[in-house]
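Asker: no sequence for this one, just the structure:
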């Protein structure tokens, strides 16, 4: 009998380094005339259009696009557009892109800033989402280009400050490479999806991304301050809120990332220490620096506002519930819902594993939670569950896979919660 061997770590695919665009790094275009000429060339090309953007997250308050990368085969080539000085002059480019399929990687990141500039996407192909539907372990662009095209992408500047001008040459090389083989990747992935019988699923998902409305603004965003859980006193919580709000207003006015105006750690420290004078404030970590000393009055005013609040104006320790509680609290809050979840969730996991899908891509967790919490009219049928899933924006392919098994699970949960009939009396018959 041979001893079992340890499973080997998955090996990285052999790749050919992709160090530079085949036609060189294009010049950055920034004038109305350059935009119009680029638009004409894009319109003369054929096939899908690879699109990407670079933002300055972590440096700027806004999520605007500071660079737009475009590539179209069939004679067009690649373009790097700087939209900052003349965003109104992008109209010809917007028109040229209005109609053909766009190929994006992680469309949720790029579509908002493109729409802010007036771009309209009619048809979408999201290579990252395609990778998820294929069940890939890694869905970042470099990993997928290596997997499907055998090429090694140069990476390293995605988190850079793209608001910087002029942009360094190596950054521009990196940006151009992000669209260099995106259309070829799309074609390879589309073939893989078709072979797996998932290409129709992908089309539904892409259309869903394009059609869904923007999410509503989040409430109580100040409660996301790092380490706020260490704050137990309601008035200190109010201080966090006031400091966070003051920082937010200053960051927005200056178009600087909030964490660069004042780190979360400093907000929590000041709210806990509750200084009432400039001397006390500037003795705290961070606040003693030159920049923070100049803004000491702003932070003290925020702390004063928190101190002046009446008790009934203080925020509650926990945010008012806007959604369902975690599953581990359902036994007390909704026992029937907990019983349904105990039956439904394993079924969803099994379906996902059978089809090599992430669970969250098979059916959104919020959809599963809501159906388990509310239940459906009994006995559940595939039709009633399908209708409920459709009301929660589940796509057709998701409902086809899940409606009937979830209906069976809901019926099993109902049967398990029915109390047993009373045992017959053991009293002797008179």
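Answerer: Good, I have the coordinates. In this text the structure is predicted, and so the values were computed from the model without any measurement.
Asker: drop to CA atoms for contacts and neighbour counts, all remaining ones
Answerer: Noted.
Asker: Check which helices and strands the helix or strand where residue 402 lies is in contact with.
Answerer: Secondary structure assignment for residue 402, by DSSP states H and E: helix 396-417. Helix 396-417 sits against helix 199-211, helix 335-354, helix 382-391, with contacts defined as 3 or more Cα pairs under 8 Å, 6 or more residues apart in numbering; DSSP states H and E.
Asker: Just put these in a markdown table and tack on mean pLDDT and distance to residue 186.
Answerer: Shown next, in a markdown table, are the helices and strands packed on helix 396-417 (pLDDT from 0 to 100; distance: least, Cα to Cα, whole Å):
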| stretch | mean pLDDT | distance to residue 186 |
| --- | --- | --- |
| helix 199-211 | 98 | 12 |
| helix 335-354 | 97 | 24 |
| helix 382-391 | 98 | 29 |
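Asker: could I get the ones you listed as a markdown table with mean neighbour count and distance to residue 46?
Answerer: Putting these into a markdown table (neighbours: other Cα atoms under 10 Å; distance: least, Cα to Cα, whole Å) gives the following:
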| stretch | mean neighbour count | distance to residue 46 |
| --- | --- | --- |
| helix 199-211 | 16 | 21 |
| helix 335-354 | 18 | 37 |
| helix 382-391 | 18 | 36 |
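Asker: how about the ones you listed, which one is nearest residue 325?
Answerer: Of all the helices and strands packed on helix 396-417, it is helix 335-354 that lies closest to residue 325, at 11.2 Å by Cα to Cα.
Asker: residues making contact with the closest one?
Answerer: 327, 330-331, 358-359, 362-363, 368-369, 372-375, 401-402, 405-406, 409-410, 412-414, 417 (Cα atoms under 8 Å, 6 or more residues apart in numbering).
Asker: Could you list the buried residues of whichever helix or strand comes after it?
Answerer: Next helix or strand after helix 335-354 toward the C-terminus (DSSP H and E): helix 359-362. For helix 359-362, burial by neighbour count (16 or more other Cα atoms under 10 Å) applies to 359, 362.
Asker: hmm, who's touching the next helix or strand after helix 359-362?
Answerer: Using DSSP H and E, the next helix or strand after helix 359-362 towards the C-terminus is helix 365-374. Applying Cα under 8 Å, 6+ apart, the external contacts of helix 365-374 come out as 324, 334, 336-338, 340-341, 344-345, 388-389, 392, 394.
Asker: As CSV, those residues with distance to residue 68 would be great.
Answerer: Output for the contacts of helix 365-374, formatted as CSV (distance: Cα to Cα, whole Å):
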residue, distance to residue 68
324, 39
334, 49
336, 51
337, 47
338, 48
340, 47
341, 45
344, 44
345, 42
388, 40
389, 37
392, 34
394, 32
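Asker: which one of the residues you listed sits closest to residue 131?
Answerer: Nearest member of the contacts of helix 365-374 to residue 131, counting by Cα to Cα, is residue 394, at 19.5 Å.
Asker: Quick one: residues contacting the spatially closest residue to the closest one that is not a sequence neighbour.
Answerer: Once flanking residues are discounted, residue 394 sits nearest to residue 363: 7.0 Å by Cα to Cα, 6 or more residues apart in numbering. Going by Cα under 8 Å, 6+ apart, residue 363 touches 348, 394, 398.
Asker: at 10 Å instead, please
Answerer: Counting by Cα atoms under 10 Å, 6 or more residues apart in numbering, residue 363 makes contact with 348-349, 352, 357, 389, 393-395, 397-399, 401-402.
Asker: Check residue 396 too.
Answerer: When contacts are counted by Cα under 10 Å, 6+ apart, residue 396 touches 201, 204, 205, 386, 389, 390, 402.
Asker: got a list of what the first one touches?
Answerer: Residues near residue 201 by Cα under 10 Å, 6+ apart: 130, 133, 193, 194, 395, 396, 397, 398.
Asker: re the thing from before, tell me the angle of the helix holding residue 402 relative to helix 199-211?
Answerer: In terms of direction (axes from the mean of the first three to the mean of the last three Cα atoms, to 10 degrees), helix 396-417 departs from helix 199-211 by 90 degrees.
Asker: Sort out which residues of helix 396-417 are buried, please.
Answerer: For helix 396-417, by 16+ other Cα under 10 Å, it's 397-399, 401-414.
Asker: Please identify the buried residues of the strand or helix carrying residue 279?
Answerer: In this assignment (DSSP H and E), residue 279 forms part of helix 278-282. For helix 278-282, the neighbour count (16+ other Cα under 10 Å) marks 281, 282 as buried.
Asker: Could you pull out the strands in the protein for me?
Answerer: Assigned by DSSP state E, the strands in the chain fall at 16-18, 28-29, 49-54, 67-72, 77-81, 101-104, 123-126, 151-153.
Asker: Can you say which of those strands is nearest to residue 305?
Answerer: Of these, nearest to residue 305 by Cα to Cα is strand 49-54, at 38.6 Å.
Asker: Listing partners with orientation, what would you give for the closest one?
Answerer: Here strand 49-54 is paired, per DSSP bridges, with strand 67-72 (antiparallel), strand 101-104 (parallel).
Asker: distance between stretch 112-131 and the chain's centre?
Answerer: Using Cα atoms, centre = their mean, to the nearest Å, the mean C-alpha position of stretch 112-131 is found 14 Å from that of the whole chain.
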